[in-house]
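J.: I would like to see how this sequence folds:
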Amino acid sequence: MSDHRIEELQKTRAFATDIQVVSPITGLVLARNVSPGQRFDKGLEFYRIADISHIRVVADFSEKDHDFIKPGAVASMHY
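T.: Alright, predicted model coming up:
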């Protein structure tokens, strides 16, 4: 919950029928452990999100490309 939403609930003392969950990072959702209408306890992991700002790519190259690929070479990848 955002700080603004918590302050609003403290002022109004109204029952929250819905809660917007916002991720602090951008990434790929690996697991979603919550569903609409589900009850939850403190400490429950709602989502597991992978930070994809740095990834490791394992690639296979044919032997004929050996002359073009050297250890430490920089590559770019588009997906």
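J.: show me the strands in the protein, by range?
T.: In the chain, the segments counted as strands under DSSP state E are 28-32, 47-50.
J.: the longest one pairs with which strands, and in what direction?
T.: Its sheet considered, strand 28-32 pairs with strand 47-50 (antiparallel) by DSSP bridges.
J.: for the strand it pairs with, which outside residues touch it?
T.: 21, 23, 25, 27-34 (CB atoms under 8 Å, 6 or more residues apart in numbering). For the C-beta atoms, the positions are set from N, CA and C on the backbone; glycine is no exception.
J.: among these, which one sits closest to Lys11?
T.: Val21 (21.4 Å; CB to CB).
J.: could you count how many residues lie near that closest one?
T.: By other CB atoms under 10 Å, the residues close to Val21 number 8.
J.: what of the one 10 residues further on?
T.: By the criterion of other CB under 10 Å, Ala31 has 10 neighbours.
J.: spatially nearest residue to it, not counting backbone neighbours?
T.: Nearest residue to Ala31, sequence neighbours excluded (CB to CB, 6 or more residues apart in numbering): Arg48, at 4.1 Å.
J.: and Leu28, what are its bridge partners?
T.: Ala50.
J.: quick one: the spatially most central residue of the chain from Gln10, how far?
T.: Centroid check for the chain by CA atoms, centre = their mean gives Ile49 as the closest residue, at 2.6 Å. Relative to Gln10, Ile49 is positioned 28 Å away (CB to CB, to the nearest Å).
J.: from Phe61, how far out is the residue nearest to Phe40 when sequence neighbours are not counted?
T.: Leaving aside its sequence neighbours, Phe40 sits nearest to Val34 (CB to CB, 6+ apart; 6.3 Å). Using CB to CB, Val34 is found at 42 Å from Phe61.
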